[in-house]
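> take this sequence and fold it.
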Amino acid sequence: MSGGPRRAAGRRAGARDPVTAQTHNRVEVMHGVNLDQLERRDPAHYGRLSLRELELQVADHADTLGLKTRFFQSNHEGEFVEHLHRLEGLADGVLLNPGAWTHYSYAIRDALELAALPAVEVHLSDIPGREEWRRKSVLEELCIARVTGKGPAGYREALERLRQELL
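You can find the predicted model right below:
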């Protein structure tokens, strides 16, 4: 995990209702642009899994942590934004890999802030070790953590960090 702890979007980190904290286990896993083509992308950066295979691994690990996952993928920025808008009452936290939108989508940034849910940004590839333009995240300061360059294991780490926040 890179960097230190970050604040949850629109919410003080660690703030939760002690009465209902144990039921806050619903995690929305959101994948952005081109991640539906994961198995066709450069395996040196992204590995060899399909998005479906990655989601199955994420769901299995989430189950072991007592988390319930739902998955969403879109190649359309507006659809991704609208999905973030609909999360109120459906999710307690967000694990997101927006793909290239990470670097420039202030629309997604604003929607994540409005969602006011603890979020972890995750990337399969080593973002800091890649092209200069990929190194910036407009979402990072809204997330409680950012995990990059660990392949599918990064998703497990991201789930574990989100679990610490939720349960």
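> low-scoring stretches of the protein, by residue?
Within the chain, the segments meeting pLDDT under 70 span 1-22.
> if we use 90, what do you get?
Applying pLDDT under 90 to the chain picks out residues 1-24, 39-48, 125-136, 167.
> after the helix or strand where residue 113 lies, which helix or strand is next?
Following DSSP states H and E, one finds residue 113 within helix 106-115. Where DSSP H and E defines the elements, the next helix or strand beyond helix 106-115 is strand 119-123.
> which neighbours does that next one have in its sheet, and in what orientation?
Each strand paired with strand 119-123, and its direction, by DSSP bridges: strand 93-97 (parallel), strand 145-148 (parallel).
> so which residues of this structure form helices?
Ranges of helices within the chain are 43-46, 51-64, 77-85, 106-115, 152-166, based on DSSP state H.
> okay, the ones you listed, which one's buried deepest?
Comparing the helices of the chain on average neighbours per residue, with mean count of other C-beta atoms under 10 Å, the densest one is helix 152-166 at a mean of 20. Yep, even glycine has a C-beta here, placed from its N, CA and C like the rest.
> check the strands paired with strand 119-123 for me and report the most buried one.
strand 93-97 (a mean of 25).
> relative to helix 51-64, how tilted is it?
Counting by axes from the mean of the first three to the mean of the last three C-alpha atoms, to 10 degrees, strand 93-97 points 150 degrees away from the direction of helix 51-64.
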